[in-house]
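Asks: one predicted model, sequence on top.
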Amino acid sequence: MPASGFTLFELLLVIAIAAALALVVAPTIGLSGATLTSATRALAAAFHEARNVAIAENRDVEVTVDAASGTVRFAGRARAIRRPRDTVVAAEDRPLRFLADGSANGTVVALVRGQDRRTIEVEALTGRIRVAP
């Protein structure tokens, strides 16, 4: 009587094909939003770090966002923000400034990729940094 079922080779072949399809399809479904969110959080973290430097060193710290290269510069430091290639970073023309007491001059920075948009708002009086979807 012949054995019924699948051989180990057939199962491994099906798993390999499914994995290959997942690698091809995954970037097109939903992962673009995750990478944009990650880039937005990294930019917000750089703002938090600049604010902390201003408070810790009791001095004003100017933050410049270079939209073309995707870098943030403050207090002699530069942070590269990894973002998807087709992401547009829109920042106001004036640099963000954190004062020694933690307050700021306020700004809004937007990261846009296709229809997906994330914004970072820095409140003027409190220096609070808020990420909005």
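Replies: Received it, and whenever you're ready, just let me know what you need. Numbers count the residues shown, from 1 in each chain.
Asks: what segments of this structure are helices?
Replies: All helices of the chain, identified by DSSP state H, fall at 8-25, 31-56.
Asks: okay, and the beta partners of Glu121?
Replies: Counting by DSSP bridges, Glu121 is bridged to Val108, Arg130.
Asks: equivalent analysis for Val61, please.
Replies: Beta-bridge partners, per DSSP bridges, of Val61: Phe98.
Asks: ok, it to Leu96 distance?
Replies: Relative to Leu96, Val61 is positioned 9 Å away (CB to CB, to the nearest Å). To be clear about C-beta, it is placed using only N, CA and C from the backbone, and glycine gets the same treatment.
Asks: residues shared between the contacts of these two?
Replies: Shared contacts of Val61 and Leu96 (CB atoms under 8 Å, 6 or more residues apart in numbering): Ala50.
Asks: so who does the most centrally placed residue in the chain touch?
Replies: Centroid check for the chain by CA atoms, centre = their mean gives Ala39 as the closest residue, at 0.9 Å. Counting by CB under 8 Å, 6+ apart, Ala39 touches 81-84, 87, 111, 118.
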